[in-house]
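Asks: any chance you could fold what I've pasted below:
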Amino acid sequence: MYVRDERIEASQQRTSLLVFSTTIAGLAVLAIVWAVSAFLLSWYHSPKTTTSDPHSPSQRAARVTSDATSSAMECTGTRVSPGDNLSAVAASESPGTTFCIHDGKYSVGRPILLQSGDSFVGLYSDGSRPVVSTDRAKEIFDGLYEVAGLPDGSPPYVADRVRIEGLRVTGAVGGERCSPECGRGIGGGKNLTVVDVRSDHNANQGIGGTQSGLLVEGSVLDYNGSEPFLDFDGHGSAAGVKSVNSMTVRNTRVYANAWTGIWCDRGCAPFTVENVTSNRNGKSGLQCELSNGPATISNSTFESNGWSESAYGHKGIVIAGIVIAAAQNLEVYGNTFGYNVGHSVEVVNDNRGPRLANVSIHDNILNGDTINGCGIAESVTCANNTPYSGLLGH
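Replies: Numbers count the residues shown, from 1 in each chain. Take a look at the predicted model:
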């Protein structure tokens, strides 16, 4: 009996030891699983770094999706981060690339050469767009340029259907020697779309030198232009935006530019401006000249333009909220004016272009401004314009 009881006791001890060991092992496995899970979760939410060259093609080819708040809300494409050389990154990719430009500052020493189908999308959530700036480049974004290695006399490359969105573009330089093909924040390109962009403090133009099909929407063009680019002899070009080809500007604010806010010149047609605020520009809020149209300027505000002493102190310079010179097939309606130096709208003939014809200025609110040039030609008509509304703020 004694021996049997001892065996039973030993068996019970072994069983207890086995249960205890199994429990300990189970707890150890759970601890390992928890640690691995915590590590993976931490890794997933942490910023990723790499020891490889971030500028290499393999790294640039990686596709990223961001949900950062911007006008586009998200971007899938080649990731660009502060510290990257945006000019070099753009040159290293094929046409049709989307560049997801994360919030921060990007300084460029040479133009960013656009290629057909490219998109440059700024991603930001704090109300200030990613900044692309220069203190050396004569253009920051360039869609019209000579391609190295081609025979002499080859036509320049024209980037088609490029989109620039959610960026601030500032600081393009230039002077008389390169005028007017310099000092542009955004230049060149055909069917160029600019959305939610601030282009400011560029020596000549916020946007200019584009081919047909320019669309500017939901943007800000301010403090562009400087003395070398002002128009005293018919050769100036300073503007918030200027084109000699078709363009549309809508839902955009254009202000404090040294000369003209929006400038449609030499055959710029069709030309459409709607829901724009153009104020405090040095010479005029808008100028349309030497164009056969069609052109429509509607539902916009032109206030406090013509402040520049260089403009109103110079003989022969026409200043107004809107200047119409040697234009045809143009309609101005539904706009609000006020406090412009000169007139709300000034209509003049110009021996450089077509005779005035089919110009209609109607149903605008003038707020004390006047229209000059009604009846200057038989088909220049002014009708139903309200002298005051009492609603415009100074």
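Asks: for this protein, which strand is longest?
Replies: Across the chain, the longest stretch assigned as strand under DSSP state E is strand 320-333.
Asks: and that strand, how far out from the chain middle?
Replies: If you compare the mean C-alpha spot of strand 320-333 with that of the full chain, they lie 26 Å apart, counting by CA atoms, centre = their mean, to the nearest Å.
Asks: who are the packing partners of it?
Replies: Judged by 3 or more CB pairs under 8 Å, 6 or more residues apart in numbering; DSSP states H and E, strand 320-333 is in contact with strand 284-291, strand 295-298, strand 301-303, strand 343-348, strand 357-362. Bear in mind the C-beta positions are built from the backbone N, C-alpha and C, glycine included.
Asks: which of those sits most buried?
Replies: Among these, ranked by average contacts under mean count of other CB atoms under 10 Å, first place goes to strand 284-291 (a mean of 26).
Asks: average pLDDT for that strand?
Replies: The pLDDT scores in strand 284-291 average 96.
Asks: outside of that strand, which residues touch it?
Replies: Applying CB atoms under 8 Å, 6 or more residues apart in numbering, the contact partners of strand 284-291 are 254, 260-269, 271, 273, 278-279, 295, 297, 302-303, 305-306, 318-328, 330, 340, 350, 352-354.
Asks: give me the buried entries from those.
Replies: With neighbours counted by 16 or more other CB atoms under 10 Å, the contacts of strand 284-291 contain buried members at 254, 260-265, 267-269, 271, 273, 278-279, 295, 297, 302-303, 305-306, 318-328, 330, 340, 350, 353-354.
Asks: picking that back up, dump the C-alpha coordinates for the longest strand of the chain into CSV.
Replies: Extracted in CSV, the C-alpha atoms of strand 320-333 (Å, rounded to 0.1, in the frame of the first residue of the first chain):
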residue,chain,number,x,y,z
ALA,A,320,-9.2,101.6,-65.6
GLY,A,321,-10.9,98.7,-64.0
ILE,A,322,-11.2,97.1,-67.5
VAL,A,323,-9.4,98.4,-70.6
ILE,A,324,-10.7,97.4,-74.0
ALA,A,325,-8.5,98.3,-76.9
ALA,A,326,-9.1,97.4,-80.5
ALA,A,327,-11.2,94.4,-79.6
GLN,A,328,-14.2,92.7,-81.2
ASN,A,329,-17.0,90.4,-80.1
LEU,A,330,-16.6,91.1,-76.5
GLU,A,331,-19.3,91.2,-73.8
VAL,A,332,-19.0,92.7,-70.3
TYR,A,333,-21.9,92.0,-67.9
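Asks: tell me which helix or strand comes right after it.
Replies: Moving toward the C-terminus from strand 320-333, the first helix or strand encountered (DSSP states H and E) is strand 336-338.
Asks: what bits of this protein have low per-residue confidence?
Replies: Along the chain, the parts satisfying pLDDT under 70 run over 1-73, 231-235, 312-315, 390-394.
Asks: specify the residue ranges that define each domain of it.
Replies: As assigned by automatic domain parsing, the chain contains the domains 62-256, 259-394.
Asks: distance from the chain centre to the first one, please.
Replies: Just to be clear, that refers to domain 62-256. 7 Å.
Asks: next one: stretch 333-342
Replies: Relative to the chain's own centre, stretch 333-342 is displaced by 26 Å; criterion: CA atoms, centre = their mean.
Asks: noted, bye for now.
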